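> sequence first, then the predicted structure:
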Amino acid sequence: MRNISPMKMQDVDRRRFLKTAASIGAASSLPNWFIEECVANPQFRAVKSANDRPSVALIGCGGRGRGVGNEAAQFGNIVAICDVDDAHLTIARKQWPNAKAFRDFRDVVALQDLDIVLCGTVDHWHTLVSTAAMRAGKDVYCEKPLTLTVEEGKHLVEEARKTGRILQTGSQQRSDARFRLACELVRNGRIGKLEHVDVFLPAGRREGPFESSTPPQSLDWDMWQGPTPDSDYVRERTHVTFRYWWEYSGGTMTDWGAHHNDIALWGMGLERSGPVSVKGKQLVEMIPGGFSTASQYDVRYAYANGVTHRCQSTTANAWHGRVLDPNGQQHGVKFLGTDGWIWVTRGAIEASEPEILVEPLGSGARRLPVSDNHMGNFFASVASRQQPICDAEIGHRSASVCHLGVIAMRLGRELEFDPLSETFLGDAQANEWLSREMRKPWSLESV
């Protein structure tokens, strides 16, 4: 690879950002003053040289994992790939032919010449992979939701502190200008006193029953299950549809909720805290023998500052973007205050009055951390040793508020919660749901 001077590479990145910012501004509802701020103060990565790039391993080479790997390949060198499904490894080898291939993540984190681990696995492996990587001295970019349980999140926060490693959670809406603008305006009182937040998520899938079968030869089914209860192989339990099974995830409540509920907490200024009460209900019964996470639901939260927060599924299921359900409801976040409202979703931001967005924030306004590239922000943090925009604690709290909603749905009653101790008050049964026993031989100590 030819040598490129640091200044030259920075100039290239700056020009790329300016071009992107201009195109985004022309095609979006971002106000001109905010676009001008972004252009005047671009966030671009500082690179020592084209040859001085961190070594990176990708663990979990499914579709989203490979997407994360492609994002990281802009900033580092993919030297190792790992998956328990040879079919995924075959595809990943074509993308990174020079990377070493593994089937066991423990062999990957043991590599001495490795700097960074990308965790793109299914949800129930996030905690063990991230823990092993940090203990081995690697920095971690972990897909969201960060954990499978509240207790796992508390553990990862402590592990990051104890090891001093950087952990970025893949809640990339933190690096989207629209979501940052919405949260800045709300936190600066642009809609008056914040009273309520509405979060709309895609509905999950309600299908089944499914038949068990013999696992494909390419898949190590026992390793895929890992710390979760042993089960007969069902094709729908794996890969994309794993998220609709309670054993492995929390449905769209944790999958999409880790995005939009994260923004709700950010706008409230409670991204390192949580609610004081939660109640929820499942709106339709799931089919026995089929997907087990709630497909349609309604969850209500209350916070110590008096703000309420409702998280509900729409009747349409969708993965990305500006998708409307049959009633015209778009997935996203709506902040409601005494003087108006702000609505934000991927690709759009709107307000009850144009002036709410058009009027610039004053010089004394509180501004939030800026990131225009989520993966770039992570690599910059690895270099500077400063915390990224979605560190372990923020990722944990964003996942936790979703886990609390799932627990409330499953128990079907209102629960009081202490966000400081992260336990339910006076409810032993609810507290049992904050963690899950791992299937032997897996444990937090085993990695």
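In hand now; what should we look at?
> CA only for contacts and neighbour counts going forward, please
Noted.
> got the contact list for residue 432?
If a contact means CA atoms under 8 Å, 6 or more residues apart in numbering, then residue 432 has no contacts.
> contacts for stretch 76-94?
So stretch 76-94 is in contact with 53-62, 66, 69, 72, 96, 98-105, 108, 114, 218-221, 223-224, going by CA under 8 Å, 6+ apart.
> list the buried residues in that stretch.
In terms of neighbour count (16 or more other CA atoms under 10 Å), stretch 76-94 has its buried residues at 76-86, 88-89, 92-93.
> quote the end-to-end distance of stretch 116-129.
One end of stretch 116-129 to the other measures 12 Å (CA to CA, to the nearest Å).
> number the residues from 54 up from this point.
Sure thing, new numbering starts at 54, so read that last one as stretch 169-182.
> which of the contacts of stretch 129-147 fall in strands?
Those of the contacts of stretch 129-147 mapping onto strands are 108, 109, 110, 111, 112, 153, 154, 155, per DSSP state E.
> show me what contacts the fifth one?
This points to residue 112. 118, 134, 135, 136, 158, 170, 171, 172, 173, 174.
> find the nearest non-adjacent residue to the first one, please.
Once its chain neighbours are removed from consideration, residue 118 has its nearest residue in residue 173; the separation is 4.2 Å (CA to CA, 6 or more residues apart in numbering).
> how much space separates that neighbour from residue 303?
Taking CA to CA as the measure, residue 173 falls 17 Å from residue 303.
> same question, residue 383
Applying CA to CA to residue 383 and residue 303 gives a distance of 21 Å.
> quick one on the thing from earlier: please indicate which of the contacts of stretch 129-147 are buried?
Judged by 16+ other CA under 10 Å, buried ones among those: 106-115, 119, 122, 125, 149, 152, 154-156, 158, 161, 167, 272, 274, 277.
> start to end distance for stretch 284-303?
Stretch 284-303: ends 18 Å apart by CA to CA.
> starting at the chain centroid, how far to stretch 332-339?
24 Å (CA atoms, centre = their mean, to the nearest Å).
> between the two ends of it, how far is it?
End-to-end for stretch 332-339, by CA to CA: 19 Å.
> residues contacting stretch 148-164, please?
Stretch 148-164 has contacts (CA under 8 Å, 6+ apart) with 110, 112, 131-138, 142, 146, 170, 182, 185-186, 189, 191, 500.
> from those residues, which ones fall inside helices?
Counting by DSSP state H, the part of the contacts of stretch 148-164 found in helices is 142, 146, 182, 185, 186.
> leaving out sequence neighbours, find the closest residue to residue 282.
With CA to CA, 6+ apart, the residue lying closest to residue 282 is residue 492, at 6.0 Å.
> and that neighbour, how far from residue 203?
18 Å.
> which one's more surrounded, the two?
Ranked by neighbour count (other CA atoms under 10 Å), residue 492 and residue 203 place residue 203 first, with 23 against 13.
> can you tell me how far that one sits from residue 416?
For residue 203, the distance to residue 416 - CA to CA - is 39 Å.
> count of neighbours near residue 127?
The burial count for residue 127: 12, using other CA under 10 Å.
> quick one: the residue nearest to residue 118 and residue 196 touch, right?
Yes - using CA atoms under 8 Å, residue 173 is in contact with residue 196, at 5.6 Å.
> who touches both of the two?
Contacts common to residue 173 and residue 196, judged by CA under 8 Å, 6+ apart, are residue 179.
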